[in-house]
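Trainee: A structural model of the following input is requested.
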Amino acid sequence: MAKKKKIKGRIHQYLKTPVYWDLFWVAVAAVTYAVDKKAGYILMAAAALYIVISLALYVKFQKNIQPRMADYGAQYGLVQKQLLYELEIPYALLEENGKILWSNMELAEMFQGKNPRNKNVMELLPDICPEYLQFDETEKNEVQIEHEGKILRAIFKEISLKETVEDKDFPLLDQGKGVMICMYLFDETQIQKLIKETKDEKLVTANIYIDNYDEVLQSVESTRRTLLVALIDRRINIYFSQYDGIVRKLENDKYFVMFKTKYISKMQSNKFSVLDEVKTVNIGNGMPVTISIGIGMGGRTLQESYELSTTAIDMALGRGGDQAVLKDGNKVYYYGGKSKSVEKNTRVKSRVKATAFRDLIDTKSEIYIMGHHIGDNDSFGAAVGIYRICKTIGKKAHIVLGDMGSSVQELVEAFQDAEGYEDDFILSGAEALERLDKNDALILVDVSRADYTEYPELVRQAQCIVVFDHHRQTTDGIEHAQLSYVELSASSASEMVVEIMQYINETVKLTKMEAEALYSGIMVDTNNFTDRTGVRTFEAAAYLKKSGADVTAVRRMFREEMADYKAKATAIRNAEIFMDFYALSVYIPNGQEVSPTVVGAQAANELLNVKNIKASFVLTPYHDQIYISARSVGRVNVQTIMEEFGGGGHMNLAGAQVKETSVEEVLKQIKFAIKQKAQEGEL
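Mentor: Reported below is the predicted structural model:
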């Protein structure tokens, strides 16, 4: 015999409400009787009549309401089922493994009228993966899939049967299945099409600069300069006119361009061929014309896109020019960059930066100077030069040091033993961080990336940062610096500092030791004045020579320990020639070297002396990291290869530090990068 179910919930409470009022009226009648017996008798009679009527109604409706509710529920269930079945949105109930238990008519029509029940949804719609049917705290998953040319948004929602169904005899509960999954499919083909069209029609802004405008004009006869400029303008206008672009010339060497987003993919596919087309302009000019392009897109407004393009052109120029930089929101893409930076004969920029630097540090209490991790002669020499500038102005300064090479170690010990330097002339990173105040300035030399500095936490805590660097800029460069002087054409940071000190109002008097430290920095980064040297490089060297630098003493700094010399020879001997032109070697430190990373860099330099070698890569595992030293000759740009490993540098000299991977994997990735760039014509 089936157990009779009782009415529960709010309906049961509504039925009992008159009964509760019976008690109320009895109480009122009793109080009234105590005050006035006659009125009390009348009220009691009325209350008795009310009680009889309410009880009669309660008994009558209680018998009839349950059948009526069951009848209504059945009719409501049928209507609800029919509505779901005829719903214009494809809908289905799934088991946890993806099997379709029930589906409506719209879902069947998706599969040419075939009934999809008892089939697995992952077989019918391959874009649906098992993880979409796994739920976390959200109890809802959404995914975009494709089916027969349509873009669908699939929503999966988990339903607990134990909470929904009270009947313990429900079949699925008997089978131990406590949940079901509802699947809704929304056709968003038209929506996605409109979104794409809207995005494609959005305007993109670009800035174009001619990198070597003054130098190119000077190499042409004065009567032909107008023609040269006209030809450059024509190349740029023709290229962007095929993409419905608008080009406006702002200055002699600057252009502003606007075009639609949909043309970006075409420009990317031809790698912004205008970079190479402009180089073909030649009417007797002694050097090819190069341009830099900064493109901004992805901004919510046109103003934001313009600001992105401004940032992009700064990055292009900071990387040496002759390239296009596309900044799409936070993403950055690089194209080109095959040419070397053009040396500027004018020192106007150095003078402007020197004045700005002087004005900035005048307002600061103390100055902290820091170079890159495992400092070399260039970073230390530049730091010493900045220290002397600060002392000349009357500011207290400190140099932050950590690990360093052998030649630098000798220099540091010499400075520590010399007279005229305070005890806190050199500090560790932890000591500097403890002393750093909000009114102090942090000056970074020979580095522009926080993670590559000697003590990154110092960069994060400093309120005022100044950057002096000569390496190509990367996406993770320090953006909040109050003053940034990045000169790609400079041979070294030491050269930049020497130029800066010549434009400080006071006369900076270097000691013999300080001049030699700066001179050694230039020597290291130019490989004894053989790489990346220009007129200004030798002018800086001459200035240091006049300041007392002993060239012979500097050369003695770079004499190697026998262990380092043998280690370098081992790295060269173990080199592998890849694709006929690229030398790759793995150097495993044996613990006897003074500075394993320096040995790896020197081995990379030596490998370039081998005939037909265009580029060399030496990997040195050291302190849970793999240090990569990359060198090249000619037009091979090793800097773009090192950027793929989070590094950077110059076109012909670059490096990277890789963590949490093996030497074999890094070597494999370098070979893949070389092969890929060779196939794309980048090498």
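Trainee: Now do the closest residue to residue 510 other than its chain neighbours: how many residues are near it, please.
Mentor: Nearest residue to residue 510, sequence neighbours excluded (Cβ to Cβ, 6 or more residues apart in numbering): residue 547, at 4.4 Å. Any C-beta I mention is one placed from the backbone N, CA and C, and that applies to glycine too. Number of residues near residue 547 (other Cβ atoms under 10 Å) recorded here: 19.
Trainee: what's the answer for the one 10 residues further on, then?
Mentor: A count of neighbours around residue 557, defined by other Cβ under 10 Å, yields 19.
Trainee: hang on, it packs against residue 381?
Mentor: No - with contact defined as Cβ atoms under 8 Å, residue 557 does not count as touching residue 381 (10.8 Å).
Trainee: which intervals of the stretch 401-550 of the chain have sub-threshold pLDDT?
Mentor: Within the stretch 401-550 of the chain, the ranges that satisfy pLDDT under 70 run 405-407, 475.
Trainee: show me where pLDDT drops low in the stretch 551-683 of the chain?
Mentor: Applying pLDDT under 70 to the stretch 551-683 of the chain flags residues 592-594, 682-683.
Trainee: Going along the chain, name the strands of it.
Mentor: Assigned by DSSP state E, counting those that start in this stretch, the strands in the stretch 551-683 of the chain fall at 576-578, 582-586, 615-622, 625-632, 648-649, 653-659.
Trainee: can you put these in TSV and add mean neighbour count and distance to residue 541?
Mentor: Output for these, formatted as TSV (neighbours: other Cβ atoms under 10 Å; distance: least, Cβ to Cβ, whole Å):
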stretch	mean neighbour count	distance to residue 541
strand 576-578	14	36
strand 582-586	22	30
strand 615-622	25	27
strand 625-632	25	22
strand 648-649	22	22
strand 653-659	21	19
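Trainee: Pretty sure residue 135 sits against residue 158.
Mentor: Yes - using Cβ under 8 Å, residue 135 is in contact with residue 158, at 4.6 Å.
Trainee: what about stretch 263-279, start to end distance?
Mentor: Distance between the boundary residues of stretch 263-279 (Cα to Cα, to the nearest Å) amounts to 23 Å.
Trainee: Residues contacting it, please?
Mentor: 204, 232, 235-236, 239-240, 243-245, 288-291, 293, 295, 297, 322-324, 326, 333, 335-336 (Cβ atoms under 8 Å, 6 or more residues apart in numbering).
Trainee: same check, this time on stretch 106-118
Mentor: Residues outside stretch 106-118 that contact it (Cβ under 8 Å, 6+ apart) are 87-92, 99-103, 124, 147, 185.
Trainee: PyMOL command to pick out the buried ones of those residues?
Mentor: Restricted to buried positions by 16 or more other Cβ atoms under 10 Å, the PyMOL selection for the contacts of stretch 106-118 reads:
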select buried, resi 90+91+92+99+100+103+124+147+185
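Trainee: Quick check: neighbours shared by residue 557 and residue 381?
Mentor: Between them, residue 557 and residue 381 share these contacting residues under Cβ under 8 Å, 6+ apart: residue 520.
Trainee: for the one helix or strand residue 408 maps to, packing partners?
Mentor: With elements taken from DSSP states H and E, the one containing residue 408 is helix 406-417. Helix 406-417 sits against helix 377-393, strand 426-427, helix 512-525, helix 551-557, with contacts defined as 3 or more Cβ pairs under 8 Å, 6 or more residues apart in numbering; DSSP states H and E.
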